[in-house]
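> Quick one, structure for this:
(chains A and B)
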Amino acid sequence: METTVAQMQIIPLQYYILFCSALFSIGVIGVLAKRNALVIFMSVELMLNSANLLLAAFSAYRNDPAGQIFVFFIMVVAAAEVAIGLALLVVVYRSTKTIDINALNRLKW
Amino acid sequence: MELISILLLVLPLIGFLTVGLFQKQMNRNLSGILASTFIFINLILAAVLFNFVSSSNQTVETQLFDWIKFGDISIPMALTVDRLSALMLLIVNGVGLLIHIYSIGYMKEDEGVNRFFAYMNLFVFFMLILVLSSNYLMLFIGWEGVGLCSYLLIGFWFKDHANNDAAKKAFIMNRIGDLGFLLGIFLLYSTFKTLSISEIAAKASLMPAGDLTLTAITLCLFIGAMGKSAQIPLFTWLPDAMAGPTPVSALIHAATMVTAGIYLIARSSVLFVLSPITMNFILIIGTATAIIGGIIAIYQNDIKKILAYSTVSQLGFMFMALGLGSFSGAMFHLTTHAFFKALLFLAAGSVIHALGNEQDIRKMGGLRKKIPFTFALFIIGTIAISGIPPFAGFFSKEMILSAAYERGMSMGILATAISLLTTIYMFRLIFVVFYKPESKEIKANHHVHESPRVMLYPMAILAVLSVIAGFVQMPKLFSETQGFDNFLSPIFAKASGLTAASRQVLNVQTEWLTLVIPISIIFILIFLSYKRFVNNKEFSVPTGIQSVFANKFYFDEIYDFCIVKPLAFISDFFRGMLDQTIINGFVNSVGNGTLFVGKKLRRLQSGNVGLYLILMVFSIIAILFFNIIL
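Okay, the predicted model is just below:
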């Protein structure tokens, strides 16, 4: 265990932070700028995974397993959310025959 | 005695409330009888008080209650009955009672007769507050109250807009004078720290003559009197006030309300005697008013307007007397004037009633034979007002004229000339209405009838009073009966003691001349007017200087141009600029601003999920950013 951790600590923490921020931003832009609902879901997953990675990195650098346990929680939530989200998307597709999110504008004044 | 003074005040108020609150239900005949009964009881009470005060020379003071009590300021409501008040009580209640009885007949066919009697009783109530009050503020309450009742009664037939305009004019011009009165009250309080009339008289008698504060106070009080008693320049409301019913003109604008100014000045005699500048000012204004009123009266063609301008002129004469320092002379003339002017107005009402509401004297003539009783009463009133002995007017005018002669020969001659003007316009009235050959309207009118007895009897009583009331005060030549002067001398003793007595005493021959010459001129004038007015077939339109006289010296037109039009312009300007543009604009802009902001903010709720997400992301970034920075 210690060798893996020691191996990991060769890469400085800043790289992990930067990398996860970049991933997160890509995810955000994907959510905001894409019209395809599936791509939006993928971007949300990307954001969640970037958080996961950051948590794991911090837990390695601080020798605290709590971070990695929290990653499990996040993965469970992400899985549940994907299940429901995809179910919603299937229902929407059945009524509007498209997965373009701009089709869902009936609540507009 | 205190109870009697309280009852005196309360009874007309009860009359007003009773008749006024039950106007719709009350029987028309009952209201007049009820109102007159209250005033009759008042008259008896006033006679009791008069008897008490004149025999014992005591003053009846009645404290009612503390009205304003506030730190140092303490103004109670209290009544004072001394000889001056008792005299005014008799005049107000006596003439008031006679006019109430007359109105029962005059207003019989009018549908608002209950309202009329309610207002008349209210007027008597306020006038009694004015007369009985013991401090200036309570007097002001009565002052304003009679102005209110004057407004209500002038505009009695309110469906005709001209009457409403006349009522507003009267009230507004009164108000202008009231501003002066209020300033006087403020100055009085700041100088003497009290508003009680007797206390102020006591404190003022210690001040030197010609003191500037006293001059300012008395000028302000006189401005109040100018508005109420129709002196120049605030007199134009009185002729317009003839739009009201004739009993109103008789009571309010001849006998009582217009005399309130004179009463005020007589009450404050101590203050006025110590301000010679104000006394001279009063003299000038009184003389000018008397002359102008008399000249205008000669050229008027409406019975009531002639009598109205005559009232203005006689009031000017009374103010002349005040300005000359003869306070009892002014009060004596006030008393006799109340009698014969009320008689003249009631007789004019009788003529109007007989002709079916015709008031233009050019349409009258030859009424001597048709309404002989009214003619007789009218003649008595005319002889009394012209100052022909032995009727009452002679004695009261003599008292004023002798005060004028004591001031100087020129003053005396001017005063005599003014009293001769009266002869001209009154006899013109008599000759045109009663002696001229009948006009075609009269010939066509078959319903010219004499007035009913309920109207004739009060006039007869007033006629008797106009004849005999003068004998209490004879000119010094004839006898020593100085009843009036002696009666009021305790009131004016303080004031007389303070005047510097530099009087010219005339020798006996000159005094006889000053008596005989005017009387002979009077008879010459009567003869000349007879020739001029009875035989003159048509009424020519006056030209030249006479057209200025006939147009009432253009007073109304000047006021309209100088005061009313600028005020209307300013008021329009304020309405357009301030009210519409600024205030309305401000309020409207608040509304418009809300709409504008709403329009912009509405775009946030686009229904577009992408927009919501963008806003959410940016907001979170901003929050985090600011948390890190701050």
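
> ok, the residue nearest to the spatial centre of chain A to chain B distance?
Residue closest to the average C-alpha location in chain A (Cα atoms, centre = their mean): residue A:48, at 2.1 Å. Distance of residue A:48 to chain B, computed by Cβ to the nearest Cβ, to the nearest Å: 15 Å. Yep, even glycine has a C-beta here, placed from its N, CA and C like the rest.

> what comes up buried for the helix or strand where that residue lies?
Using DSSP states H and E, residue A:48 maps to helix A:37-62. Neighbour counts over helix A:37-62 (16 or more other Cβ atoms under 10 Å in any protein chain shown) mark A:37, A:40-41, A:43-61 as buried.

> From the chain's centroid, how far away is it?
From the chain centre to the centre of helix A:37-62 is a distance of 4 Å (Cα atoms, centre = their mean, to the nearest Å).

> for stretch B:398-411, same thing?
For stretch B:398-411, the distance to the chain centre is 26 Å (Cα atoms, centre = their mean).

> so where's chain B uncertain?
B:440, B:442, B:473-486, B:494-507, B:534-544 (pLDDT under 70).

> Show me which residues of it are close to chain A?
Residues of chain B lying close to chain A (Cβ under 8 Å from any Cβ of the partner chain) are B:602, B:605, B:606, B:607, B:608, B:609, B:610, B:613, B:614, B:617.

> ok, residue B:41 - contacts?
Residues in contact with residue B:41, defined by Cβ atoms under 8 Å, 6 or more residues apart in numbering or on different chains, are residue B:11.

> so how far is stretch B:141-150 from its chain's centroid?
Taking mean C-alpha positions (Cα atoms, centre = their mean), stretch B:141-150 and its chain are 10 Å apart.

> what about the helix ranked longest in chain A, average pLDDT?
If you go by DSSP state H, chain A has its longest helix at helix A:66-96. Mean pLDDT, computed over helix A:66-96, is 94.

> Pull out the buried positions in that helix.
Residues A:67, A:70, A:71, A:78, A:85, A:89, A:92 are the ones in helix A:66-96 that count as buried (16+ other Cβ under 10 Å).

> What separation do you get for the residue in the stretch 101-250 of chain B that chain A sits nearest to and residue A:82?
For the stretch 101-250 of chain B and chain A, the shortest gap (Cβ to the nearest Cβ) falls at residue B:161, measuring 56.3 Å. Plainly put, residue B:161 is 87 Å away from residue A:82 if you go by Cβ to Cβ, to the nearest Å.

> same thing with residue A:89?
10 Å.

> Between those two, which contacts overlap?
Shared contacts of residue A:89 and residue A:82 (Cβ under 8 Å, 6+ apart): residue A:41.

> quick one: contacts for residue B:94?
B:43, B:46.

> That one: what secondary structure?
Three-state assignment for residue B:94 (DSSP: H, G, I helix; E, B strand; the rest coil): helix.

> Also the one 10 residues further on?
Put simply, residue B:104 is helix when judged by three-state DSSP.

> got the contact list for the strand ranked longest in chain B?
Longest strand in chain B, counting residues (DSSP state E): strand B:60-70. Residues from elsewhere that reach strand B:60-70, judged by Cβ under 8 Å, 6+ apart: B:1-2, B:5-6, B:49, B:52-53, B:74-82, B:134, B:137-138.

> Let's see that with 6 Å instead.
The list of residues contacting strand B:60-70 from outside it, by Cβ atoms under 6 Å, 6 or more residues apart in numbering or on different chains, reads B:1, B:2, B:5, B:75, B:76, B:77, B:78, B:79, B:80, B:81.
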